[in-house]
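K.L.:
Quick one: sequence and predicted model below, then my questions.
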Amino acid sequence: MDTPKQYLTPMFILIIFLTTKSSQADHNNNIRVPNDNGSVFPFGKVTVKIINDLGDQLTLLYHCRSKDDDFGNQTLQPGESWSFRFSRQYFGRTLFFCKFGWPRLPSGWYSFDIYKDHRDTSGDNWCQKCVWKIRQTGPCRFSDVTKQFDICYPWNKSLF
């Protein structure tokens, strides 16, 4: 009797079920992101929160999506926030990307990968609640280590 082979089919079905189930996202405006003192659950729900920090009383226009989810065109007034939650894919391929714009933006739309598994699940940059301030110079994420919005990135090179 070869015992390990009897578990292959059920394990395969379980992996397919979990991978399919994890790709679905939900979203809410102004969702509260509770502080859990840094506890991390590798396959738990991830929250991404976007805050309009453009300054000059500018309205933020944005459109976020992934391969499976599309949140459509949205707007945020100065200081407002918007959030969505999702379960990570098990093989490190979760990606949500957004395009951002605002009035008087001379060069069109900027794009940014608002959640990228390999970037947002490594070392001190790990986030279960990824809170971003969108600034004219680029997005900056809140750091649980420094308690500041000091994890800043430039916009992606390609413009929409």
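P.N.:
Received it, and whenever you're ready, just let me know what you need.
K.L.:
For the rest of this, base every contact and every neighbour count on C-alpha atoms.
P.N.:
OK.
K.L.:
wait, what's in contact with residue 140?
P.N.:
Neighbouring residues of residue 140 by C-alpha atoms under 8 Å, 6 or more residues apart in numbering: 132, 133, 134, 149, 150, 151, 152, 153.
K.L.:
distance of the fourth one from residue 133?
P.N.:
Spelled out, that is residue 149. Distance, residue 149 to residue 133, by C-alpha to C-alpha, to the nearest Å: 7 Å.
K.L.:
what's the overlap in contacts for those two?
P.N.:
140, 141, 142.
K.L.:
avg pLDDT for the helix or strand the first one falls within?
P.N.:
Assigned by DSSP states H and E, residue 140 falls within strand 138-141. Averaged over strand 138-141, pLDDT sits at 97.
K.L.:
How far off centre is it?
P.N.:
Centroid separation between strand 138-141 and its chain, computed with C-alpha atoms, centre = their mean, to the nearest Å, is 12 Å.
K.L.:
packing partners for the helix or strand just after that strand?
P.N.:
Once the chain leaves strand 138-141, the next helix or strand it forms, by DSSP H and E, is strand 151-152. Applying 3 or more C-alpha pairs under 8 Å, 6 or more residues apart in numbering; DSSP states H and E, we find strand 151-152 packed against strand 138-141.
K.L.:
what lines up beside the strand it packs on in the sheet?
P.N.:
Strand pairing for strand 138-141, using DSSP bridges, gives strand 129-135 (antiparallel), strand 151-152 (antiparallel).
K.L.:
State the mean pLDDT of the last one.
P.N.:
Meaning strand 151-152. Across strand 151-152, pLDDT averages out at 96.
K.L.:
now the first one
P.N.:
Across strand 129-135, the average pLDDT comes to 97.
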